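# coords below, sequence missing:
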């Protein structure tokens, strides 16, 4: 694998009308008196994290998430989201007439309508694996297993406990009206393995197995409506373009070696999801195709209002990428652009609110969920 690709990976730590639910039209929604879901429980990494990490606890490459201009576009103040505004999960919550999901670690938050367990820098594979293999440089200790443990504690507070037959009714009450949203997870696993003796194929196998085990645990508990995001083509991010050689380009004009790795990961993930659908036929499991939704924007950026595909809105140095790893977004020397809605990339690794909105719209309104998100909503409507 090329040295530049190694450096990149090491630094990466993201309708039609239905009666009595939500009206979608060009991702404009109207709230109705009947809500399809009462709760959303979200998991993932920085593309989904709504505040479980802060500047002093998140990935070391982006240590200014608690500073403006993070959050400038919608919230007008930093919310510890790795963007200028809302994330995909925020648009999903709004479309379903639910409030934004509070981070699990916010002990004072109202969690009656859902909880966000996602952690920036989180891995699919458990942290002890990286520790045993001396791969703990710049690693967030939380993993998908951590998020599952948090969720289990939350479930226990609702009366849904492990191995207690009398808790079945409580568990059913938790999941019947809940949407489980599993955001992208796994990019950081590849990142932390670079420079070690552990090959990418091993990381791939363990990461896929970890995600599969996580999904299986949720389904066994009673999860009925589940959306699982694949990995986006992170070879199109500013950092990738900045450090990759000019001859490492795919059909999208992005770092091809990176995108090939993640595309293979997604293929394996989809195969595992198909197996889970057979094992749990009572559940509706949706695959959200982040890779191809992102690629659609790259193919026709003007349709979505984008002018800059690789240059960061918030960064330092100007030039074709406006990116300097040692002067990251939010640091004293950095500056943000006048109009983030024209940019795909926010800080070099994370996306703008405009890009998250475009992707969310494709998930909810178009065919980038398989089966379509409207199918999940219709299933929920029929079940009551």
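Noted; the coordinates are in hand. Just so you know, these numbers come straight off a predicted model, no measurement behind them.
# so where's the chain uncertain?
Applying pLDDT under 70 to the chain flags the ranges 1-34, 137-138, 162-168, 194, 384.
# tell me which stretches of it form helices.
3-11, 88-95, 127-132, 144-157, 168-176, 187-193, 200-221, 238-243, 256-279, 290-299, 353-365, 373-383 (DSSP state H).
# show the contacting residues for residue 316.
By C-beta atoms under 8 Å, 6 or more residues apart in numbering, residue 316 lies in contact with 322-324, 327-328, 331, 333-335. Every C-beta, even on glycine, is put in place using the N, C-alpha and C of the backbone.
# need the distance between the two termini of stretch 38-51.
Stretch 38-51 has an end-to-end distance of 21 Å (criterion: C-alpha to C-alpha, to the nearest Å).
# follow-up on the earlier one: in strands, which of the contacts of residue 316 fall?
Judged by DSSP state E, the subset of the contacts of residue 316 located in strands is residue 335.
# I'd like the contacts of residue 316 as a markdown table, with neighbour count and distance to residue 152 appended.
Listed next are those as a markdown table, based on neighbours: other C-beta atoms under 10 Å; distance: C-beta to C-beta, whole Å:
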| residue | neighbour count | distance to residue 152 |
| --- | --- | --- |
| 322 | 25 | 43 |
| 323 | 28 | 40 |
| 324 | 18 | 42 |
| 327 | 15 | 41 |
| 328 | 23 | 35 |
| 331 | 16 | 38 |
| 333 | 11 | 43 |
| 334 | 21 | 39 |
| 335 | 13 | 43 |
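# check the contacts of residue 316 and tell me the two furthest apart.
322 and 331 (13.4 Å; C-beta to C-beta).
# how about the nearest residue to residue 171, chain neighbours excluded?
If the residues on either side of it in the chain are set aside, residue 171 comes closest to residue 160, at 3.9 Å by C-beta to C-beta, 6 or more residues apart in numbering.
# check the gap between that neighbour and residue 43 for me.
As judged by C-beta to C-beta, to the nearest Å, residue 160 and residue 43 stand 17 Å apart.
# same check, this time on residue 53
14 Å.
# settle it for me: which of these two has more neighbours?
The neighbour comparison of residue 53 against residue 43 (other C-beta atoms under 10 Å) goes to residue 43, with 30 against 27.
# surely that one meets residue 185?
Yes: using C-beta atoms under 8 Å, residue 43 is in contact with residue 185, at 7.1 Å.
# any common contacting residues for these two?
Shared contacts of residue 43 and residue 185, counting by C-beta under 8 Å, 6+ apart, come down to residue 144.
# I figured residue 104 hits residue 150, correct?
Yes: the pair residue 104 / residue 150 is scored as a contact, 5.2 Å apart, by C-beta under 8 Å.
# overlap in contacts of those two?
Common neighbours of residue 104 and residue 150 (C-beta under 8 Å, 6+ apart) are residue 117.
# which of these two has more neighbours?
Counted by other C-beta under 10 Å, residue 104 and residue 150 do not tie: residue 104 has more neighbours, with 24 against 18.
# who are the contact partners of the more buried one?
When contacts are counted by C-beta under 8 Å, 6+ apart, residue 104 is found next to 52, 115-117, 150, 154.
# what of residue 142?
Contact analysis of residue 142 by C-beta under 8 Å, 6+ apart lists 52, 119, 121-123, 127.
# okay, buried residues for stretch 183-199 please.
Within stretch 183-199, the residues scored as buried using 16 or more other C-beta atoms under 10 Å are 183-194, 198.
# can you put those residues in JSON lines and add distance to residue 365?
Shown next, in JSON lines, are those (distance: C-beta to C-beta, whole Å):
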{"residue": "183", "distance to residue 365": "19"}
{"residue": "184", "distance to residue 365": "20"}
{"residue": "185", "distance to residue 365": "24"}
{"residue": "186", "distance to residue 365": "26"}
{"residue": "187", "distance to residue 365": "26"}
{"residue": "188", "distance to residue 365": "29"}
{"residue": "189", "distance to residue 365": "31"}
{"residue": "190", "distance to residue 365": "31"}
{"residue": "191", "distance to residue 365": "32"}
{"residue": "192", "distance to residue 365": "35"}
{"residue": "193", "distance to residue 365": "36"}
{"residue": "194", "distance to residue 365": "37"}
{"residue": "198", "distance to residue 365": "40"}
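# of all the residues you listed, which comes closest to residue 303?
Checking the buried residues of stretch 183-199 against residue 303 by C-beta to C-beta gives residue 184 as the nearest, at 23.2 Å.
# just give me the closest of the contacts of residue 104 to residue 243.
Nearest to residue 243 among these is residue 52, at 28.2 Å by C-beta to C-beta.
# got phi/psi on that closest one?
phi -70, psi -20 (degrees, to the nearest 10).
# hang on, it packs against residue 120?
Yes: Residue 52 lies in contact with residue 120 (C-beta under 8 Å); the separation is 7.3 Å.
# how much space between residue 340 and residue 313?
Using C-beta to C-beta, residue 340 is found at 5 Å from residue 313.
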